[in-house]
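Engineer: Pasted the sequence and its predicted model underneath.
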2 protein chains.
Amino acid sequence: MARRAHTVTIVDVAREAGVSKSSAARVLAGRGSASPATQQRVQDAAERLGYRPNALAKAMISGTSNTLAIVIPDVASPFFSAVVRGASDAAHAAGFEVLLGNTDNDRDIQARAIDVLREKQVDGFIVAPVFEDDPGSVRALVDDDIPVVLLDRRMPALADVPLVSVDHIAASRAAVEHLIELGHHDIAIVTEAAGSLDELRGGTDDAHTLRPSHQRLLGYLDALQAHGIPVDPALVLSSAYDADSARAAVAEALQSRRFTALYCTDSVLTLGAYTHIVDSDLSLPGAFSFVGFDDQEWTTLVRPAVTVVDQPRYRLGAATANMLIARIRRIGEVPSDMLLDAQLITRASTSRPV
Amino acid sequence: MARRAHTVTIVDVAREAGVSKSSAARVLAGRGSASPATQQRVQDAAERLGYRPNALAKAMISGTSNTLAIVIPDVASPFFSAVVRGASDAAHAAGFEVLLGNTDNDRDIQARAIDVLREKQVDGFIVAPVFEDDPGSVRALVDDDIPVVLLDRRMPALADVPLVSVDHIAASRAAVEHLIELGHHDIAIVTEAAGSLDELRGGTDDAHTLRPSHQRLLGYLDALQAHGIPVDPALVLSSAYDADSARAAVAEALQSRRFTALYCTDSVLTLGAYTHIVDSDLSLPGAFSFVGFDDQEWTTLVRPAVTVVDQPRYRLGAATANMLIARIRRIGEVPSDMLLDAQLITRASTSRPV
DNA sequence: TTGAAAGCGCTAACAT
DNA sequence: ATGTTAGCGCTTTCAA
């Protein structure tokens, strides 16, 4: 695989301009000094030859590639694609390019992605890590002093690594309080973290090293407790991370226990749960109130439109990239953590119980 | 911005192993010959020191960065995010990484993105170009012999550049024929290409240098013509590229002209048009049949579920990347064009007219 | 089999 | 102000 046929280098420009390589380099880089005459000749020559700097060569010397790696489960998901867009925009605005890695939440794939991107000498990493006990390559990155900012989640083993995330607890609390304030008492939650109900009650000290799903469940518990409503485990509907499981969980719960409101803690679960609602004979919001997660396109399309917790996805990506860049550039005291607020968008799917 | 503190290079490994730089290089690259003893010592040393090759240095020499650029309007869109995922997977499978550029369909932004990525010495480009008369930087790329594969669209000025796209005409034809076969005669279409109705009738010679929206309109015309149904301009609803415009177009048309079926030629227009339908008193599919574009999440959530034209987004991205890689590697005769078939998914929103 | 040396395209002292 | 030189980390002749 030979090099491109006609690559014009700085040497070619220098020759064409009749100056030394370093003179050409100086005017092309706009650094150092050069006589107006030289500048002119070099610029003309560069123009004439169609000179384009080789960023790789520059990177070799400076040790800086002006490239960020962003390692996430899946760009094709509505959440992460918006995040990537935000990160990408922020990166470009600061003169960085973005190298993309998908992990499918698989430990080994993540490890491979990180290693390859490392070899490409990226200046830093944005990682939405596979949530496991073993932090794997992410730890290696941090230990080798490569700038890393975590996105959306952080396991205990990475507690020392900066994080940009949404305040999942507060978001969840707001959603449930909205229902409580409307007058609901029997509020069910669909969660993939139900297994940890007991541990969760222990303490919330290191809440920021819990999975987002756990944090969201925590917010639910918080809200109930704050309003003196006892937690009924029968209303904590456990679901796997797929729509159909959520649908089934809701269907089953509706048969065995009466409740007037349902809160879903994730976009996929929201979709599944709503699928059941739409096919049931429940009439929203009179007989039943529904709160979803993430402001998906369909939530305003269905009738009644769905009240949701809206995560600032784009801003999340942008903030993460900006924090990473600040760390790369070692700008002052970069805060180590940043929590963005989600927003509760109240629509017609929630109302006071009848 | 100094180089990372402790970067262990091939020289370090060589020293540690007590061999020359070139010997170390040989075993590390697995090329050339080295005695078993040397191999062992070098590998041990590399392991001990935690050696990681510098892909940039390699790229400088080989002239190959094993990196692809993918330049699209917006990763945050459902269509392109899936495409990117497909391209990314195919690229990784072939040992390439992916550098991402968003253009927002803006000429200048596209130009800047392409230039920067070029300087990073990517081996090739996937571009979903801003559809304009002036091909700009894309032309420059091609003229400089940098491998490019176009994605989804190709203007006349780039007619000589390979393209991977969906067969928009056939897709559209299938959708409309489905309606015709159900017995519909008065079939409206929502399109952003209505202005070109007259030119379109001219000829379809260079159909692959028309905008996708034009091609889809063409498929509609084809289907009608093939079944001897005259085209009624009043049923070609012109819309800007936004949901609300589509909504308004449909609302207006329903007041002035009777028709029993509606076909939307794009996901955004589909959303807008459906918004009106859902708020109207039309009962689907009895009184009215509806065909949307792109299999969006909500199309199976609403009742009746929506019949749609489903584009193979992921495969589109994967095929594009694979074609680009084949060209980069100059593998045999790489086909210059590739059209994937979209699939009509018939659901409950279409039925015979009553 | 191994090592010495040149060089990819560029930057950055250091002289002049 | 300009040129010479060394060198980033690696590969690749070319000798030995």
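Structural biologist: Looks like it arrived, so ask away.

Engineer: right, and the helix or strand after the least confident helix or strand in chain A by mean pLDDT?
Structural biologist: Least confident helix or strand of chain A, by mean pLDDT, DSSP states H and E, is helix A:197-202 with a mean of 64. Using DSSP states H and E, the helix or strand that follows helix A:197-202 towards the C-terminus is helix A:212-226.

Engineer: which helices and strands does that next one pack with?
Structural biologist: On a contact count with 3 or more CB pairs under 8 Å, 6 or more residues apart in numbering or on different chains; DSSP states H and E, helix A:212-226 meets helix A:168-182, strand A:187-191, helix A:197-202. (Glycine included, C-beta is placed from N, CA and C.)

Engineer: where in chain A is pLDDT low?
Structural biologist: Residue ranges of chain A with pLDDT under 70: A:1-6, A:196-205.

Engineer: Quick one: closest of the helices and strands packed on helix A:212-226 to chain B.
Structural biologist: strand A:187-191 (16.0 Å; CB to the nearest CB).

Engineer: In stretch A:91-100, which residues are buried?
Structural biologist: Of the residues in stretch A:91-100, A:91-92, A:94, A:96-100 count as buried by neighbour count, 16 or more other CB atoms under 10 Å in any protein chain shown.

Engineer: still on that earlier bit, ranking the helices and strands packed on helix A:212-226 by mean neighbour count, which comes first?
Structural biologist: Among the helices and strands packed on helix A:212-226, ranked by average contacts under mean count of other CB atoms under 10 Å in any protein chain shown, first place goes to strand A:187-191 (a mean of 26).

Engineer: sec struct for A:Ile126, please.
Structural biologist: Three-state assignment for A:Ile126 (DSSP: H, G, I helix; E, B strand; the rest coil): strand.

Engineer: Identify the spatial nearest neighbour of it, chain neighbours not counted.
Structural biologist: Once flanking residues are discounted, A:Ile126 sits nearest to A:Ile70: 4.4 Å by CB to CB, 6 or more residues apart in numbering or on different chains.

Engineer: The one you found - that's part of a strand, no?
Structural biologist: Yes: when three-state DSSP is applied, A:Ile70 is found to be in a strand.

Engineer: what's the stretch of helix or strand A:Ala318 belongs to packed up against?
Structural biologist: Under the criterion of DSSP H and E, A:Ala318 resides in helix A:313-328. The elements that helix A:313-328 packs onto, with contact taken as 3+ CB pairs under 8 Å, 6+ apart, are strand A:67-72, helix A:78-93, strand A:124-127, strand A:148-151, strand A:163-166, strand A:337-340.

Engineer: Next, the angle helix A:78-93 makes with that helix.
Structural biologist: Here helix A:313-328 runs at an angle of 40 degrees relative to helix A:78-93 (axes from the mean of the first three to the mean of the last three CA atoms, to 10 degrees).

Engineer: Can you give the contact residues for helix A:313-328?
Structural biologist: Residues outside helix A:313-328 that contact it (CB atoms under 8 Å, 6 or more residues apart in numbering or on different chains): A:68, A:70, A:78-79, A:82-91, A:94, A:96, A:123-126, A:147-149, A:151-152, A:162, A:164-166, A:332, A:334-335, A:338, A:340, B:1, B:76.

Engineer: mind checking how far the closest residue to DNA strand D within chain A is from chain B?
Structural biologist: Of the residues in chain A, the one nearest DNA strand D is A:Ser33, at a distance of 2.5 Å by CB to the nearest atom of the strand. Distance, A:Ser33 to chain B, by CB to the nearest CB, to the nearest Å: 23 Å.

Engineer: Spit out the contact partners of that residue.
Structural biologist: Contact analysis of A:Ser33 by CB under 8 Å, 6+ apart lists A:Arg26.

Engineer: Repeat that for A:Leu344.
Structural biologist: Per CB under 8 Å, 6+ apart, neighbours of A:Leu344: A:171, A:174-175, A:178, A:307-310.

Engineer: Without its sequence neighbours, what residue ends up closest to it?
Structural biologist: Excluding its sequence neighbours, the residue lying closest to A:Leu344 (CB to CB, 6+ apart) is A:Ala174, at 4.7 Å.

Engineer: That neighbour contacts A:Asp310, doesn't it?
Structural biologist: No: at 10.8 Å, A:Ala174 and A:Asp310 do not qualify as touching, with contact defined as CB atoms under 8 Å.
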